[in-house]
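1. Give me a model of this one.
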Amino acid sequence: MEATSAEIERFLKLLEETPRRIASASIGLESALMHLKADKKAWSANDVLAHLRSCADVWGESIQEMLAKVNPTLPHLSPRQWIKKTEYPGLAFRESFQAFANQRNELLSTLRDLRFEDWSRSAMFQGRKHTVFSQARRMAKHENEHCEQIEALLKSGGPGTTIVR
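-> Down below sits the predicted model:
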């Protein structure tokens, strides 16, 4: 998919909305709720946030590499492998969220300053060509799905939880 000004703006808006949606879903809720799981295999809101942070690290770094180098070949780094090298799953939700929001502000600042032609800067990884636009789009779409997951997990504070607004 080729980048258009309208598509760029659409995905920038989605990337901007992610921290707001997470903040809105979690406002006033007790920290313990963020780590609550329906069962052993389910993800908590904190697990989802840790996953989003890992993806933002990996995909955001690939965007930075595309902007810094001309057509680099990047090694494959899976966010699921990267998360194992972080402390994200064990961090307190609010602390982790603040770090995510700060990182997002930095990324948005970089992306908003790009010239239109910079969105087509590319890199090869996993044998495929990716662009700044395709990575930003990928991140935005992926986060939108996980925001829905967090919102559902924290809706109305969950069963038997106390809201401390």
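2. all contacts plus neighbour counts: C-alpha atoms, from now on.
-> Noted.
3. Can you give me the neighbour number for Ala32?
-> When neighbours are counted by other CA atoms under 10 Å, Ala32 registers 11.
4. no wait, Leu154
-> 22.
5. Ok, Ile27 next?
-> Neighbours of Ile27 under the rule other CA under 10 Å: 15.
6. go on, Gly28?
-> As a measure of burial, Gly28 has 13 neighbours, counting by other CA under 10 Å.
7. Leu74 now?
-> Neighbour count for Leu74, taken as other CA under 10 Å: 14.
8. quick one: buried residues of stretch 141-152?
-> Along stretch 141-152, these residues count as buried under the neighbour rule (16 or more other CA atoms under 10 Å): 143-144, 146-147, 149-151.
9. mind putting those residues in CSV, secondary structure included?
-> Converted to CSV, the buried residues of stretch 141-152 look like this (DSSP: H, G, I helix; E, B strand; the rest coil):
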residue, secondary structure
Glu143, helix
Asn144, helix
His146, helix
Cys147, helix
Gln149, helix
Ile150, helix
Glu151, helix
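10. Packing partners of the helix-or-strand element of the chain with minimal mean pLDDT?
-> The element with the least model confidence among the helices and strands of the chain, by mean pLDDT, DSSP states H and E, is helix 31-34, at a mean of 91. Here helix 31-34 is seen to pack against helix 93-112 when contacts are counted using 3 or more CA pairs under 8 Å, 6 or more residues apart in numbering; DSSP states H and E.
11. in the least confident helix or strand of the chain, what counts as buried?
-> Using 16+ other CA under 10 Å as the test for burial, helix 31-34 gives 33-34.
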